Structure formats: structure tokens, C-alpha cells
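K.L.:
predicted model and sequence below, questions to follow.
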Amino acid sequence: MTPGEELPSLTVPITRTLVIAGAIASRDYQDVHHDAEAARAKGTPDIFMNILTTNGLVGRYVTDYVTGHCGLKAVLRKVSIRLGVPSYPGDVLVLTGRILSVNERTIEISVVGTNRLGRHVTGRVVVDAHPLRPRTAP
């Protein structure tokens, strides 16, 4: 891994189930994340994904890359994101990334996620990365 290296993109279909399950799992009971009528009454065309679900998808994207493509164990140390346009059911979120820095143990990666409306999320993720250890029998 070297600074400037691009990560392969990850495509995530945004389903109604993902939006609602992510909100419930993160204990975000705001009606705009699970009740379409309430969301429309508040001026949005449908329910939309909450920030904690987006944060989880960004973390998954980075750790899956570091572990799967690089063969290293990845532990999230810092995830810093900023939301842009909403992600509604039926959207497709495309995450892309670029390695910003690599040192002995940490990797910093910038992440951008876009959908049909534009930029949904931008952020930076720092992971500790070290070689995977083979399992030993007990």
C-alpha cells in the first residue's frame, strides 16, 4: 500500500430494510428513518439513512479492503465523516477511497460516497493494521 493508491469501489444498494434496520440497530428512533408518512410531513420525499448507518458502511468499506485485499488485520481507530445529500431507499451508494498515508502500524484513508443526488458522505478513516495471525489449535 502506498499513498495515492485508489481502493476498489464498493456499491451498496440502499433498501428500505437497510435504512430501517440501521436506524433501529443504532437506536435512532427518529421517525424520518422508519416512517415514510412522517418523513414526507417533514418535507422529505421518503425515509432516509441515518449517519450511524453511513458511518458503519464507511468503516466496513475500509476494514474489508485492508483485511481482504491487503491480508492485514484492521482495527478502526478514527472515523470522521461529514454527510451531504441524503440516501433514500432505491438509491445506490458507491464508496471510493484513496490511501493518504501509511506508517509502521496505521493507515489513513479518505473515503467518498456518492448516490444519484451527489456526494452523500466524505471522510477520513485511520486504522491500525498488522499481519493476520494464523489460528492455532487449542
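P.N.:
Noted; the coordinates are in hand.

K.L.:
quick one: contacts for the residue positioned nearest the centre of the chain?
P.N.:
When C-alpha atoms, centre = their mean is applied to the chain, the residue found nearest the centroid is Val58 (1.8 Å). Neighbouring residues of Val58 by C-beta atoms under 8 Å, 6 or more residues apart in numbering: Val79, Ile81, Leu95, Val111, Gly113, Val121, Gly123, Val125. All C-beta spots, glycine's among them, are computed from the backbone N, C-alpha and C.

K.L.:
so which of these are in strands?
P.N.:
When those are checked against strands (DSSP state E), the matches are Val79, Ile81, Leu95, Val111, Gly113, Val121, Gly123, Val125.

K.L.:
closest to Ala38 out of those residues?
P.N.:
Val121 (23.8 Å; C-beta to C-beta).

K.L.:
which residues does the closest residue in space to Arg105 that isn't next to it in sequence bridge with?
P.N.:
Distances taken as C-beta to C-beta, 6 or more residues apart in numbering place Asp128 nearest to Arg105, at 5.4 Å, with adjacent residues excluded. Asp128 has these beta-bridge partners by DSSP bridges: Val75, Thr106.

K.L.:
for His33, see how far away Met49 is.
P.N.:
Met49 is 7 Å from His33, where distance means C-beta to C-beta, to the nearest Å.

K.L.:
find residues that contact each of the two.
P.N.:
The contact sets of Met49 and His33 overlap at Val19, Gly22 (C-beta under 8 Å, 6+ apart).
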